[in-house]
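J.: sequence plus predicted model, see below.
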Amino acid sequence: MSALRARLSVILLAVGLLFTALAVATPQRAAAAADPGYLMVHFTGEGSANQQMYLSHSTDGVRWNDLNGGGMVLRSPIGTKGVRDPALVRAPGGDKYWIIATDLCIGCGQSWGDAVNNGSRNLVVWESTDLVTWSQPRLLDVAGAIPDGRNAWAPEAIWDPESNDYVLYWATNKPLNGATKHRIYYAHTSDFRTITAPQLYIDRPGTQEIIDTQIVEMPAGVGKYRYVRASGDGQITLEGSDSILGTWTNLGDLSGIGLPGSLVEGPMWMKFNGTNKWALYLDQYATSGGYMPVLTTDPSNPAAYQKQAAGSYTMGGTKKRHGWILNLASAEESRVLARWPNTPAQRLQSFNFQDRYVRQSDFDVRIDPNVNPADDARFRLRPGLAGTGTVSFESVSFPGYFLRHSHYDFQLVPNDGSDQFAQDATFRQVAGLADPAWSSFQSYNHPDHYIRHYAYQLRLDPITTPTGRGDATFRVTN
């Protein structure tokens, strides 16, 4: 009996351990299986600040939250100094990313008439290897070689396995009988630095224009075609093809569900993770309503699309204008959320000149009253680039640019990713040298030096006098 009891005890113990292991392991598996979310890159409206790059994040594809406190994440200082209609392209290997955007800034010294008839023939391109650290932007001439091509708008790109490179496509106004006529052109590229000669891609009959078009690839077994594209061409027209540069078949439009082209534009695709369901986001430009999702399980069938009730989706605090949605991998999502948390924009008020605030002016740094534009005096206090328990000051006007000392002078400089930059742009926030209720900022790599102003210019100096202590004291304020 004692041997039997011993065997039963061993069996019961093993069963107990098995159930314990299952109880512990099941939540871990569920957590690991949870799908990562979605990243939208977009612009927000007119004006120089709104025609820049913004990011929003969603966990479910229909409820969106602004990243970076709703502030821009990239700014173009080149070309027209504005960007619209971005596309976010991921390399097939996931080791490189590009943002390509229209070089256009309405109301920044350029009218719609200028943009239509004598606009930039360039696109603006950023490049990254991690989705969070981006190169300085560059211009890519795509329409200069098109005879009488007047502009280059709304770029998109898709990897083409048939040519083993990207098909880059965009709209250019090539007038017809003196009247505006936008058509879609394409070129091949492998690096978004050089392109093949532009070729005509989509041309609607007669005077009908087409500006916005975006292609989505279908998984095997869904619909009749490998690729579906949605275009703004007087309607939201759907077409299907088995080859990106092959013959496309007209499938119909969305007017049958109450979404004619007079109401919506800027089609933007998104596939929901883990299921064969898509959202086609459309910009309600006619009513200034911003983007709305239209859901479907078969993008090639116009009758399968369903409008969503207003309360079933949220677009966040900023208006989303024509952009791109990327399905994130877990590591990508972690990096993006860590880089652009909703850190508030704050100002540094001078202790001994309390009507003056630290600001950048042509990338020099000083203290001034009545700063205009106000964002030139706003910074996000990020975790220090060089060490824990420290801070770095990222510009609101120029995201990715930080306050950095060089030869004890301060400038606003783009982060080059080097250890030296990180150290020069990192500070310890300590009790104010002139008033402990305020703050002073001690240099990370010159700990006997502090940020101070002298003749209204920002400097890094050792502080030994009462005047110096006042100059080196600031209030962090909204």
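T.: Received, thanks.
J.: show me where the stretch 51-200 of the chain has strands.
T.: Assigned by DSSP state E, counting those that start in this stretch, the stretch 51-200 of the chain shows strands spanning 54-58, 64-66, 83-90, 97-103, 122-128, 138-141, 153-160, 165-173, 182-189, 199-202.
J.: tabulate the ones you listed (JSON lines), appending distance to D253 and mean neighbour count.
T.: Glycine gets a C-beta too; all of them are placed from N, C-alpha and C. Shown next, in JSON lines, are these (distance: least, Cβ to Cβ, whole Å; neighbours: other Cβ atoms under 10 Å):
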{"stretch": "strand 54-58", "distance to D253": "27", "mean neighbour count": "22"}
{"stretch": "strand 64-66", "distance to D253": "26", "mean neighbour count": "20"}
{"stretch": "strand 83-90", "distance to D253": "21", "mean neighbour count": "25"}
{"stretch": "strand 97-103", "distance to D253": "24", "mean neighbour count": "26"}
{"stretch": "strand 122-128", "distance to D253": "28", "mean neighbour count": "22"}
{"stretch": "strand 138-141", "distance to D253": "32", "mean neighbour count": "17"}
{"stretch": "strand 153-160", "distance to D253": "19", "mean neighbour count": "22"}
{"stretch": "strand 165-173", "distance to D253": "18", "mean neighbour count": "24"}
{"stretch": "strand 182-189", "distance to D253": "17", "mean neighbour count": "22"}
{"stretch": "strand 199-202", "distance to D253": "15", "mean neighbour count": "16"}
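J.: for H446, find the nearest of those strands.
T.: Comparing these against H446 with Cβ to Cβ, the closest turns out to be strand 122-128 (31.5 Å).
J.: and the closest one, what does it pack against?
T.: Under the contact definition 3 or more Cβ pairs under 8 Å, 6 or more residues apart in numbering; DSSP states H and E, strand 122-128 sits against strand 97-103, strand 138-141.
J.: what helix or strand does Q411 sit in?
T.: Using DSSP states H and E, the element containing Q411 is strand 409-414.
J.: that strand - contacts with which helices or strands?
T.: Strand 409-414 packs on strand 364-368, strand 401-406, strand 457-461, going by 3+ Cβ pairs under 8 Å, 6+ apart.
J.: what's the span of stretch 48-60, first residue to last?
T.: End-to-end distance for stretch 48-60: 31 Å, by Cα to Cα, to the nearest Å.
J.: give the rounded mean pLDDT of that stretch.
T.: Averaging pLDDT along stretch 48-60 gives 97.
J.: same thing with stretch 242-254?
T.: Per-residue pLDDT over stretch 242-254 has a mean of 98.
J.: buried residues, it. List them.
T.: By neighbour count on 16 or more other Cβ atoms under 10 Å, the buried set for stretch 242-254 is I244, W248, L251, D253, L254.
J.: now do the contacts for the third one.
T.: When contacts are counted by Cβ atoms under 8 Å, 6 or more residues apart in numbering, L251 is found next to V228, L238, E239, G240, S300, N301, P302.
J.: surely it is in a helix?
T.: No - according to DSSP: H, G, I helix; E, B strand; the rest coil, L251 belongs to no helix; its state is strand.
J.: chain neighbours aside, what residue packs nearest to it?
T.: Excluding the flanking residues, the one nearest L251 by Cβ to Cβ, 6 or more residues apart in numbering is L238, at 4.3 Å.
J.: export the strands of the stretch 51-200 of the chain as CSV, with columns for distance to L328.
T.: Formatted as CSV, these follow (distance: least, Cβ to Cβ, whole Å):
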stretch, distance to L328
strand 54-58, 8
strand 64-66, 13
strand 83-90, 10
strand 97-103, 11
strand 122-128, 14
strand 138-141, 25
strand 153-160, 18
strand 165-173, 20
strand 182-189, 24
strand 199-202, 29
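J.: next SSE downstream of the strand holding Q411?
T.: Downstream of strand 409-414, the next assigned helix or strand under DSSP H and E is helix 419-424.
J.: remind me which residues of the stretch 251-400 of the chain are low pLDDT?
T.: Applying pLDDT under 70 to the stretch 251-400 of the chain picks out no residues at all.
J.: care to break the chain down by domain?
T.: 33-339, 347-477 (automatic domain parsing).
J.: what's across from the residue nearest to L251 in the sheet?
T.: A230, G252 (DSSP bridges).
J.: that one is in contact with G256, isn't it?
T.: No - L238 lies out of contact with G256 (Cβ atoms under 8 Å); the separation is 11.1 Å.
J.: return the distance of the strand holding Q411 from the chain's centre.
T.: With Cα atoms, centre = their mean, to the nearest Å as the basis, strand 409-414 stands 24 Å off its chain's centre.
J.: can you state the direction angle for that strand and strand 364-368?
T.: 110 degrees (axes from the mean of the first three to the mean of the last three Cα atoms, to 10 degrees).
J.: now strand 409-414: average pLDDT?
T.: The pLDDT scores in strand 409-414 average 97.
J.: what sits up against it?
T.: Residues outside strand 409-414 that contact it (Cβ under 8 Å, 6+ apart) are 136, 360, 363-365, 395, 398, 400-404, 406, 421, 425, 451, 457-460.
J.: just the buried residues out of those, in PyMOL syntax.
T.: In PyMOL, this line selects whichever of those come out buried by 16+ other Cβ under 10 Å:
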select buried, resi 360+365+395+398+400+401+402+403+404+421+425+451+458+459+460
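J.: now the helices for this structure?
T.: Using DSSP state H, the helices found in the chain span residues 2-33, 112-118, 330-339, 419-424, 466-471.
J.: report the buried residues of stretch 103-114.
T.: D103, L104, C105, I106, Q110, D114.
J.: gap between that stretch and the chain center?
T.: 22 Å.
J.: contacts for it, please.
T.: 46-48, 51, 76, 78-85, 115, 119-120, 122-124, 139, 151-153.
J.: before we move on, back to that, out of the strands of the stretch 51-200 of the chain, which is closest to T343?
T.: In terms of Cβ to Cβ, the element of those nearest to T343 is strand 64-66, at 12.3 Å.
J.: show the average pLDDT along the closest one.
T.: Strand 64-66 comes out with an average pLDDT of 98.
J.: what's that strand packed up against?
T.: Short answer (3+ Cβ pairs under 8 Å, 6+ apart): strand 64-66 packs on strand 54-58.
J.: can you pull the pLDDT of F19?
T.: F19 is given a pLDDT of 34.
J.: columns pLDDT and distance to H42 on top of the buried residues of stretch 103-114, output as CSV?
T.: As requested, these are exported to CSV (pLDDT from 0 to 100; distance: Cβ to Cβ, whole Å):
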residue, pLDDT, distance to H42
D103, 98, 16
L104, 97, 14
C105, 96, 16
I106, 95, 16
Q110, 87, 20
D114, 94, 23
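J.: just the closest of those residues to Y281, please.
T.: L104 (20.4 Å).
J.: name the nearest residue to that closest one, sequence neighbours excluded.
T.: Using Cβ to Cβ, 6+ apart and skipping the chain neighbours, the partner closest in space to L104 is R84 (5.0 Å).
J.: that neighbour pairs with what?
T.: Here R84, judged by DSSP bridges, has bridge partners T102.
J.: who's in contact with it?
T.: So R84 contacts F43, Q51, A101, T102, L104, W153, A154, R321, H322 (Cβ under 8 Å, 6+ apart).
J.: report pLDDT for it.
T.: Note on R84: pLDDT of 97.
J.: how about the one 4 residues further on?
T.: As predicted, L88 sits at a pLDDT of 98.
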